[in-house]
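In: pasting the sequence and the predicted coordinates here, then a few questions.
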Amino acid sequence: MSIIYKTTNLVNEKIYIGQHYTSADDGYLGSGKILKQSINKYGKENFKREILEYCTSANVNEREIFWIETLSAINPDIGYNITEGGFGCKNGFKGKHHSNKTKQKIRKANLNITIRKSIMVMLNRSKNNLIKYKNVLVTRKIK
């Protein structure tokens with residue numbers, strides 16, 4: 001059983017529509033990027049979640065799209081949703097993984113990044129010149 005829920009910011013009354021698969025009473029408010037930023041800004045206590053509909057896993061994406069459209073949650077003046085719903089993001093990559101070959105290409109590309117002077121200073125000060133930059137361990141000697 002799945003649910004379609006609406007999370008409401010009690011301060012500015014903006015809404016977020018989402019789908020959830022686990023317990024309806026687990027305190028989950030949503031995973032949208034803008035929603036998370038707003039929760040950090042206003043505090044979790046200023047949000048409430050209500051269940052709009054119980055669904056099957058077969059129609060949950062369709063129902064999420066319906067509710068986002070019906071409540072205009074994609075309108076930035078009204079809601080926090082940034083996509084029309086169903087399957088999460090538009091690029092279709094959610095739930096998939098990079099191949100090992102692609103991961104290697106990403107690592108190689110990240111090793112050729114240009115490091116800002118402020119990061120170079122941090123590198124000089126860090127133990128053994130190691131620092132994480134964009135989740136890549138950089139081990140460069142600074143001249």
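Out: Received the coordinates, thanks.
In: please, which helix or strand holds the residue lying closest to residue 86 once chain neighbours are set aside?
Out: Leaving aside its sequence neighbours, residue 86 sits nearest to residue 61 (CB to CB, 6 or more residues apart in numbering; 3.4 Å). For every residue, glycine as well, the C-beta is placed using N, CA and C. For residue 61, the element it lies in under DSSP states H and E is helix 60-70.
In: can you name the residues in contact with that helix?
Out: 2, 4, 6, 17-19, 52-53, 55, 73-74, 79, 81, 84-87 (CB atoms under 8 Å, 6 or more residues apart in numbering).
In: narrow the residues you listed to those that are buried.
Out: By neighbour count, with 16 or more other CB atoms under 10 Å, the contacts of helix 60-70 hold 2, 4, 6, 17-19, 52-53, 55, 73-74, 79, 81, 85 as buried.
In: lowest-confidence entry in these?
Out: Scanning those for pLDDT, the low point is residue 85. It has 84.
In: against residue 37, how distant is that residue?
Out: Look at residue 85 and residue 37: by CB to CB, to the nearest Å, they are 19 Å apart.
In: isn't residue 50 right up against residue 3?
Out: No: using CB atoms under 8 Å, residue 50 makes no contact with residue 3, being 10.0 Å away.
In: quick one, which of the two is more surrounded?
Out: When residue 50 and residue 3 are compared for neighbours, residue 3 comes out ahead with 22 against 11, by other CB atoms under 10 Å.
In: mind pulling up the pLDDT for that one?
Out: So residue 3 comes in at 90 (pLDDT).
In: residue 22 versus that one, what's the distance?
Out: Distance of residue 3 to residue 22, computed by CB to CB: 9 Å.
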